[in-house]
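[1] return a 3D structure for these sequence lines:
(chains A and B)
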Amino acid sequence: MRTHFRVTAATALVLSVVLAGCGGGSESDSTARGPVTVTYWTWDEPKTVQPVADKFNATHDNVKVKVVKQADNPGTAANLRNVVASGKGVPCLVKSFGQVPGLVGEGLLSDVTDDVEPYVKKGVFNDASLLSAQAGGRYYSVPIGYQPSFLVINRKVYDQYGIAVPKTWDDLIEAGKKLKKHGIHVMNLAGEDPSTLENLVQQAGGSWFATEGDTWKVDFLSPESLKAADVIQRLVDNDLVANQTYMDRPALINYFDSGRMVSLPTQVWQLGNYELNYKKSLGDWEPVDLPQFKDAPSFTAPAHGTGLLVPKGCTHPKEAVEAAVWMSTTKEGIDASYQDDIKQYNWPGAVPDPSPWVDSAVPDKLFGDRKGEAKKVILKAVEGAKDTWLVGPNYTGVFAELQDQWAKVVTKKMTMRQALEHMQKFTVKDLKSKNINVEG
Amino acid sequence: MTTTIDTASGPATPPAAPGGKPPVVRRRTEGGAVRHTGRTKVLVLVGLALFALYSLAPVWWLLVAATKGQRDLYTTNGLWFSEFHLWDNLRDLFTYQDGIFLKWMGNTLFYGFAGTIGMTVICVACGYGLAMYEFRGRGILMGCIIGSFLIPGALLTIPSFLLYTDLRLIDTPWAIIVPGFFNAFSVYLAKVYAEGAIPPELLEAARIDGAGEYHIFFQIGARLMSTGAATIFLLGFVGAWNNFFGPLVYLRSSEKWTVMLGLYSWLKVKVDSSVDLTGLVVVGSIVSLIPMVVLMISMQRYWRSGVTLGSLK
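    Alright, predicted model coming up:
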């Protein structure tokens, strides 16, 4: 028995020495003078981020950016929650894994309004990129902007059946009815992804949340929301859409490539993937403007973007903002993101005029000889970009609930209106249960 | 693990005295063998064939997919070859981001060996102590060890994270290696094995000859337990190789990642960016299997004993 204890004690001693030994070192230089290090967490591949950080470091003496690769979106979220709880080693910039108001509600972010506003006044950002970086009118992240939205259609199939390119959602539905006779779906609505609905509401100029003083107003049944719901309902009722999931990538790519689904609302970053993976339909596609509502006063494309988060506990928020702004809005920063293998820049979603970088965003083969049309379409989407989309502090939970409802809608188990009515009740009740002032 | 015992002592077997058991078993097997030869054989063969197909089909898919280029991967039949790109894929794998895949393999081997060797030494000593010494609280201690099987690891994430932060282990290899030293199940295996492999009389004799307790453990106990230790090492190493959660939570910089975490991040990157590394993930999965296969084949004697170890007691 004595021996046993002695062994235990010896082991404990050895371990504690080992642990203490490897604990020291490295992190103590934060108070020393010299360049401030801004740690930047992202799950993007280093080859798309590191060159920009390197360029920043080469041109700045007082601030250095250190990119730390994260495994994926949920992993980043879990790590950030852990590190904010422990208060040690908090990064200063994090790729956004949610909506800013919800993350502020969780107590994860720092208010950096005073650091961001001077840049806003200088006009380095486009207007549509600002709202998504804020919560309650204050900045908790640095705007990095949005991806322009447009439609790509399989023009070969459209032409084969003599169908005109849709200009409005009504046109699209009419086209769908004609295509249905040939066993072709006009669009795809994945059961797990209600973003088509969100985008339509945005396009109609609506939002499900609004604030008035310290009260949230929730309205899933606004005229804009119902207008969007109507488009979805008609697509579903007439059996015009496929329900191919995004989770099974090979099946999805195969299906899109097969010519049995012919219009795809999309964004710039997706084009490279289509180019890389399509086989049969390469060259058949055409980029066209996103269909509009019939009575739309002006051309509108949804543009809800995102920001680079500045977490609570970041020791150098000012420098973090400086670095983030430089990386996503300066010509030098954007140029540094050029990828030799895919011949693309990271899409500069926050700058007022992205035209110098548009050409590289368009792949060579996907659109065949219609490649030239892409630039006009993308720039029109940038010009028509309006962000009216405000999300509530409980949007993470609301979105999960919406996903469930959405799945029932696209499989015809309930109507879009019923789903929205449910969402209205759910959201109000959820906010109340969190002791947040709410009207609706 | 218990199927052998179940079939041998099915409902027909009376809970008889030890002497009555063997004849009963023999009679049942003989009768069954005579009457059902044809049908049973077919059923067993069909069942086995289905199981083999079930377990081998994914491996076949992996082998086939590793030879395909990115575009063929999504658009051709998954179970048959198209254009042969294996060498290109391997070259891409080993050169991507300055060969970070090799770094991950090296890390995984290092964490695996360091953690598992430490774990084997600690757990064998622990099991030996529990099996060979009488001391107050032994039962409670054993109860705690078995009880700790019931606590899911995920429950301990946040406490462990805060603890490692205080110890400044976060983002160092030690955050993976040190927790790997302690494994309740291995202690249990070691105890069971020690009880079976070391006759107490031998220790008694050694003590009479004047050997100290450390001497007895290293010279006699540990040597008699070498087979059990190898089993524990093997099981532990497989666990360490596939360890995913620890590196995900405790390691920050991708240069320190393990191969499983690295492959996972490659698989995920396509969700919201234009980079699609699925091809690399497929060929990387095959390469990452090689050390496991080598280890399994070279140590299969222990592996087999490991599966049944503990099932007898």
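[2] burial measure for residue 255, as a count.
    You didn't pick a chain, so chain A it is. Residues near A:Tyr255, counting by other CB atoms under 10 Å in any protein chain shown, number 16. Every C-beta, even on glycine, is put in place using the N, C-alpha and C of the backbone.
[3] hmm, no, I was thinking of chain B.
    11.
[4] can I take it that it is in a helix?
    Yes: when DSSP: H, G, I helix; E, B strand; the rest coil is applied, B:Glu255 is found to be in a helix.
[5] which residue packs closest to it, ignoring adjacent ones?
    Sequence neighbours aside, B:Lys103 is the residue nearest to B:Glu255 in space, at 6.2 Å (criterion: CB to CB, 6 or more residues apart in numbering or on different chains).
[6] average pLDDT for the helix or strand hosting the one you found?
    In this structure, B:Lys103 sits in helix B:100-132 according to DSSP states H and E. Helix B:100-132 shows a mean pLDDT of 95.
[7] ok, then the element right after the lowest-mean-pLDDT helix or strand in chain A?
    Using mean pLDDT, DSSP states H and E, helix A:2-23 stands out as the lowest-scoring helix or strand of chain A, at a mean of 44. Going down the chain from helix A:2-23, the next helix or strand is strand A:36-42, by DSSP H and E.
[8] direction included, what does that following strand pair against?
    Take DSSP bridges as the rule and strand A:36-42 pairs in its sheet with strand A:63-69 (parallel), strand A:93-95 (parallel).
[9] which one of those is the most hemmed in?
    Here the criterion is mean neighbour count by mean count of other CB atoms under 10 Å in any protein chain shown, and of the strands paired with strand A:36-42 the winner is strand A:93-95, at a mean of 25.
[10] average pLDDT for it?
    What strand A:93-95 shows for mean pLDDT is 97.
[11] for stretch B:54-74, same thing?
    Throughout stretch B:54-74, pLDDT has a mean value of 89.
[12] return the set of buried residues in the one helix or strand A:Lys425 maps to.
    Using DSSP H and E, A:Lys425 maps to helix A:416-433. Buried positions in helix A:416-433, judged by neighbour count with 16 or more other CB atoms under 10 Å in any protein chain shown: A:416-417, A:419-420, A:422-424, A:426-428, A:430-431.
[13] go on, stretch B:232-244?
    B:232-241, B:243.
[14] and stretch A:352-365, by the same measure?
    Neighbour-count burial for stretch A:352-365 [16+ other CB under 10 Å]: A:354, A:357-358, A:361-363.
[15] and that stretch, what's its mean pLDDT?
    What stretch A:352-365 shows for mean pLDDT is 92.
[16] near chain B at all, it?
    No: remark: stretch A:352-365 sits outside contact range of chain B, by CB under 8 Å from any CB of the partner chain, the gap being at least 9.6 Å.
[17] what segments of the stretch 101-250 of chain A are strands?
    Listed in chain order, the strands of the stretch 101-250 of chain A (DSSP state E, counting those that start in this stretch) span residues A:134-135, A:138-139, A:141-145, A:149-154, A:187-188, A:209-212, A:215-218, A:241-242.
[18] next, format those strands as a markdown table and append mean neighbour count and mean pLDDT.
    Formatted as a markdown table, these follow (neighbours: other CB atoms under 10 Å in any protein chain shown; pLDDT from 0 to 100):
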| stretch | mean neighbour count | mean pLDDT |
| --- | --- | --- |
| strand A:134-135 | 21 | 90 |
| strand A:138-139 | 20 | 94 |
| strand A:141-145 | 27 | 95 |
| strand A:149-154 | 22 | 96 |
| strand A:187-188 | 22 | 95 |
| strand A:209-212 | 16 | 90 |
| strand A:215-218 | 19 | 92 |
| strand A:241-242 | 20 | 94 |
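[19] how about these, which one is nearest A:Leu109?
    Closest of these to A:Leu109 is strand A:141-145, at 6.9 Å (criterion: CB to CB).
[20] how far does that closest one sit from the chain's center?
    The chain centre lies 11 Å from the centre of strand A:141-145; the measure is CA atoms, centre = their mean, to the nearest Å.
[21] partner strands of it and their direction?
    strand A:306-309 (antiparallel).
[22] now the element after the strand it pairs with, going C-ward?
    Beyond strand A:306-309 on the C-terminal side, the first helix or strand identified by DSSP H and E is helix A:317-329.
[23] what's in contact with that following helix?
    Outside helix A:317-329, the residues within contact range by CB atoms under 8 Å, 6 or more residues apart in numbering or on different chains are A:36, A:38, A:40, A:52-53, A:56, A:60, A:62-63, A:65, A:92-93, A:110, A:112, A:115-116, A:119, A:124-125, A:142-145, A:308, A:310, A:314, A:332-334, A:348-351.
[24] any regions of the chain where pLDDT drops low?
    Chain wasn't specified; assuming chain A. Low-confidence segments of chain A, defined by pLDDT under 70: A:1-33.
[25] other chain: chain B
    Where chain B drops into low confidence, which here means pLDDT under 70, it does so at B:1-36, B:303, B:305-313.
[26] hang on, the earlier thing: now do the helix holding A:Lys425: distance to the chain's middle.
    24 Å.
[27] what's it packed up against?
    With contacts taken as 3 or more CB pairs under 8 Å, 6 or more residues apart in numbering or on different chains; DSSP states H and E, helix A:416-433 sits against strand A:215-218, helix A:223-237, helix A:395-410, strand A:438-439.
[28] and the nearest residue to B:Tyr193 once chain neighbours are set aside, how close does it get to B:Lys268?
    Take B:Tyr193 and drop its neighbours on the chain: the residue closest to it by CB to CB, 6+ apart is B:Gly228, 3.3 Å away. Distance, B:Gly228 to B:Lys268, using CB to CB, to the nearest Å: 39 Å.
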